Structure formats: C-alpha cells, structure tokens
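J.: Build me a model:
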Amino acid sequence: MSKFFPLIFVILWSSAFITTLPIVLNSDPFSALTFRFFIVAICFFIYCVFKKLKILISTKNLFNSFSTGVLFHGFYLGGVFYSIFVGLPAGIVALIVTLQPILTNILAGPFLKEKILFNQWIGISLGFIGSVMVIGFDVGKSLPIDGVVSAIIALLAITSSTIWQKKVSNNIPLAVNNMYQAIGAVIFHFFILLFIFDKPFLNINLQFLLAMSHQIFLVSLGAFSILMYLIKKNSASKTVSLFFLIPIVTASMAWLFLNENLTTFDLIGFIIASSGVFIATRK
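T.: Numbers count the residues shown, from 1 in each chain. Take a look at the predicted model:
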C-alpha cells in the first residue's frame, strides 16, 4: 500500500488548493484554519486514546512538534489561504510554493549534508525562469502583490519545515506528533485573529462544511500524514521531488472545477518550472 502513497499524496495535496477557495469565500483565512486544526487536533487525540498511544512526551519533542506545526500549518497554510483570499489564482499559488524542492535542495547541503549536483543548479535556473514567466509580468497588474508575498512566505515556511522535520526526526508516534502540530497551529492562528487580523468572520454553510471536511479528513488527516511518513522514511530531497507534479495537477483541477483560465505563456511557464524542479531533484 505504501508504494501508492506518493501518488495519493500528490492528488490530495493538489486538491487542497481547489477547496481553499470555497472556504475563504465564507471565512477569513485565520478563522478557517483555527476551526480546521481544532477539529484535526481532536481527531488525532481520539485516535491516540483509541490506540492507547503515549500522549505525554518530552519537552524537546513537544517543542519540535509545535515548531513544525507552526511552520507547516501556520506560516505555510496561512500564506496559502491568505493569498487565495485576496485573489491570487489557485494555480499560481501552487506554482510558487512548488518551487520548494529547489530551495530544499539548496538548503539540504549545509543542513542535512546532502550533496548538490550540477544538474540541480540547472533545475534551479529553469524553475526560476518558469515562475517569472507566470507571475513576473503580472505582479501589480492582474495579480495582487500581497497575495504573491503571502505565497512566497508559504514557500519559505514549507521549505524550512521540511528541513526541520527531517533534521529533528522525532521518535514519537506519527499520530501524536501530528496532534501536537495541530495544537501549535490552533494557537498560532488564534493569536493572529486576536492581535493582527482585524476583520474575522466565519459563515458555516453547506459549501463551507463540504470544503472544510475535505481539508480536514483528506488533506490534514490523510495527505499530511503521508507527507510526514515520507519525510521520515526517505531523504528530504527525494520526498519533495513529488511537488514538481503539483502545479500541473492543481492547474488541471482549477480549470476543471474553478473555471480558471491559463494562457499559452502561463502553460509554457508551468512546464519549464516543473521541468526545472524535476531536473533539480532527480537522481
């Protein structure tokens, strides 16, 4: 079953960009994420109790779980949700954050002692060119600048969190680790609601509940658990190489379900960027 995890992960992770739109149409990003991870934390808690897993962990492991939770679910998802909330198309958001494998390969050398090869630098260059083709000529025109900045923050967050998760590599059960990560996310987003974001709102209707259920059960409980498993079992660079598939899958889903248009120039940029990420991360 585990051999299908990469394919399942790509499909579920890509779909999250699509269901984010109906969520932010009915809520601000941080109220939605507080709601989401409160439910996620409860689900993992119930699972841990049912499986009789040891919930009390050391201070070091607690800090590591909270840290990765704030980076993954706080800065990364907060950046993604906010960028879509202010009008940045889901496909563009996916392209920006999917440059993660390039940054991960750059940082894996000094932090994880992974050697960076010449082909990886070629891939970095192509990935950068492709992303500029899609977003570089439109910033300040059709694309909201704050949305682009938020997506870049999300990119930096998921890159650093992947490196950190691989480096600390807790020996605690996956469900316990995910529970504390979710608790860290709840605290992070609730803090933003209290002290930073001044217009919170949450309209719980059928559209919101369907989209949120998808993100809770299929993405947070499903895709994210698969990602944590893959990071633990594989190298960081091998795991994040899956992300080069996400822009095309997300763009296809956005075209199919959200009626988002892509120009020929955008498609060429997508192909170049995805090819660059593939070259940078292949063996």
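J.: And F190, how far from M212?
T.: Look at F190 and M212: by C-beta to C-beta, to the nearest Å, they are 17 Å apart. All C-beta spots, glycine's among them, are computed from the backbone N, C-alpha and C.
J.: Neighbour count for the two, which is higher?
T.: Using other C-beta atoms under 10 Å, the more surrounded residue of F190 and M212 is M212, with 20 against 16.
J.: which residues of this structure fall in helices?
T.: 5-24, 29-50, 59-69, 77-85, 90-97, 100-112, 118-131, 145-168, 174-195, 206-213, 224-233, 236-240, 246-253, 264-281 (DSSP state H).
J.: Return the member of the ones you listed having the minimum mean pLDDT.
T.: Among the helices of the chain, helix 236-240 carries the lowest mean pLDDT, at a mean of 64.
J.: so who does the closest residue to I183 other than its chain neighbours touch?
T.: Leaving aside its chain neighbours, I183 sits nearest to A41 (5.0 Å; criterion: C-beta to C-beta, 6 or more residues apart in numbering). Going by C-beta atoms under 8 Å, 6 or more residues apart in numbering, A41 touches M179, A182, I183, V186.
J.: Out of the residues you listed, which two sit at the greatest distance?
T.: Farthest apart among these by C-beta to C-beta are M179 and V186. That separation is 10.9 Å.
J.: more crowded one of the two?
T.: M179 (25 against 21).
J.: I'd assumed C48 was in contact with the more buried one.
T.: Yes. Between M179 and C48 a contact is recorded at 6.1 Å, counting by C-beta atoms under 8 Å.
J.: and for those two, which residues touch both?
T.: I55.
J.: so which of the contacts of A41 would you say is closest to G87?
T.: V186 (26.5 Å).
J.: Neighbours of the nearest residue to N178 once chain neighbours are set aside, how many?
T.: Distances taken as C-beta to C-beta, 6+ apart place F44 nearest to N178, at 5.2 Å, with adjacent residues excluded. Using other C-beta under 10 Å, the number of residues around F44 comes to 26.
J.: With L88 instead?
T.: For L88, using other C-beta under 10 Å, the count is 24.
J.: likewise L99?
T.: Residues lying near L99 (other C-beta under 10 Å) number 25.
J.: Now it. Its backbone dihedrals?
T.: Per-residue torsions, L99: phi -70, psi 0 (degrees, to the nearest 10).
J.: dump the residue contacts of it.
T.: Neighbour list for L99: G127, F128, S131, L155, A273, V277 [criterion: C-beta under 8 Å, 6+ apart].
J.: can you tell me which of these lies nearest to M228?
T.: Taking C-beta to C-beta as the measure, M228 lies nearest L155 of the contacts of L99, at 19.2 Å.
J.: Who are the contact partners of the closest one?
T.: By C-beta under 8 Å, 6+ apart, the residues touching L155 are G79, I96, V97, L99, Q100, L103.
J.: Quick check: of those, which lies closest to F265?
T.: Closest to F265, out of all of those and judged by C-beta to C-beta, is I96, at 16.5 Å.
J.: So the closest one versus G127, what's the distance?
T.: Distance check for I96 against G127: by C-beta to C-beta, it reads 11 Å.
J.: same thing with T159?
T.: 13 Å.
J.: phi, psi of the residue of the chain positioned farthest from its centre?
T.: Here the chain reaches farthest from its C-alpha mean at K52, the gap being 29.6 Å by C-alpha atoms, centre = their mean. Reported as degrees, to the nearest 10, the phi and psi values for K52 are phi 60, psi 40.
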